[in-house]
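Asker: Quick one, what's the 3D model for this:
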Amino acid sequence: MLHELILKIFKELDRPDANGEQIEHLFNSYGHKEITVTEIREDDGGTDFLKIKIPGINGKAAGGEAPTLGIIGRLGGIGARPEQTGFVSDGDGALAALTSALKIVDMKNNGESLEGDVIIATHIDPNAPTIPHDPVPFMGSSVDMTVMNEHEIDDEMDAIITIDATKGNRITNFRGICISPTVKEGYILRVSETLIDILQNVTGKPASVLPITMQDITPYGNDVYHINSILQPCTATDKPVVGLAITSGVAVPGSGSGASQLNDVEEAARFSVEAAKQFGKQKAFFHDAEEYAKLRNLYGSMAHLQTLGEK
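Answerer: Below you'll find the model as predicted:
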């Protein structure tokens, strides 16, 4: 159970002056120093990018061969001030990702390190803009999506879980968490069986899968409909990416305050921790490498879907 850790992170995020330095101090208080904070400012405002690296027993940082899992908290902002007061629904991605990081650090402090390295990345913006979207408004971002991908994706990541509040739609009409099919270089692949196992263990319920379309795996900026930004990391990496969606029973705007559900965020964080355990041990797989190679041989590259396409 990660409720206590969630509340510690939430206390730092649910404030108008929330920033990366405060989160850094929290992790430092747990004895963890491998955290970087990078402030990026553009015309529409700015945000603090956070990257937390937690070395494993047999990870790359120790000269080992265990794979590295990336966990990205995807969002526009944790707040929509001055339009909204307080922490908004869109902040769930950052809250869950940072909670998973704090749990892995806490485990390490208690003498239980993971096998592989884990890199957690997200950003903190308490004053992000909102943008029109059907059926409910989205949270925008103070920085461009390409900037987010640049600062949140790390070359050392061998696979990526991207956590995002996915409530502003009418196709995932239940409260909880679900995973997307694996996406790699423009291919939407089968849902990972090992990640389904982890999802069912964590929730105690049959696995739910987020339906995604070709539009969702293309970059923002091409003027086509996206369910949200959950799979935007797949447009900027050749590593397999799985979306971990925090969902709701009705359409909830990303800019809605008071909309975060403690148990749902906790499940997302706990799923990420369990996936990190198994991925480092090479017992959880995001895709079948042989089948992917066969698809490439049969149908060629789909990497053009990672671009803005031809105008």
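Asker: Please enumerate the helices of the stretch 51-200 of the chain.
Answerer: Secondary structure of the stretch 51-200 of the chain by DSSP state H, counting those that start in this stretch: the helices cover 92-109, 145-152, 193-203.
Asker: quick one, which of the ones you listed is packed in tightest?
Answerer: With neighbours defined as mean count of other CB atoms under 10 Å, these peak in mean count at helix 92-109, which reaches a mean of 25. Heads up, the C-betas are built off the backbone N, CA and C, glycines and all.
Asker: Using TSV, please lay out the helices of the stretch 51-200 of the chain together with mean pLDDT.
Answerer: Listed next are those as TSV, based on pLDDT from 0 to 100:
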stretch	mean pLDDT
helix 92-109	98
helix 145-152	95
helix 193-203	98
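Asker: Could you provide those in CSV, with additional columns for distance to residue 257?
Answerer: Formatted as CSV, these follow (distance: least, CB to CB, whole Å):
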stretch, distance to residue 257
helix 92-109, 12
helix 145-152, 22
helix 193-203, 26
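Asker: looking at those helices, which is closest to residue 81?
Answerer: Among the helices of the stretch 51-200 of the chain, helix 92-109 comes nearest to residue 81, with 15.6 Å by CB to CB.
Asker: what's the angle from that closest one to helix 145-152?
Answerer: 0 degrees (axes from the mean of the first three to the mean of the last three CA atoms, to 10 degrees).
Asker: which helices and strands sit right next to helix 92-109?
Answerer: Judged by 3 or more CB pairs under 8 Å, 6 or more residues apart in numbering; DSSP states H and E, helix 92-109 is in contact with helix 3-13, helix 20-29, strand 45-54, strand 69-73, strand 118-124, strand 159-165, strand 241-247, helix 262-280.
Asker: Please repeat the previous calculation with a cut-off of 7 Å.
Answerer: Judged by 3 or more CB pairs under 7 Å, 6 or more residues apart in numbering; DSSP states H and E, the packing partners of helix 92-109 are helix 3-13, strand 45-54, strand 69-73, strand 118-124, strand 159-165, helix 262-280.
Asker: How many neighbouring residues does residue 171 have?
Answerer: 12 (other CB atoms under 10 Å).
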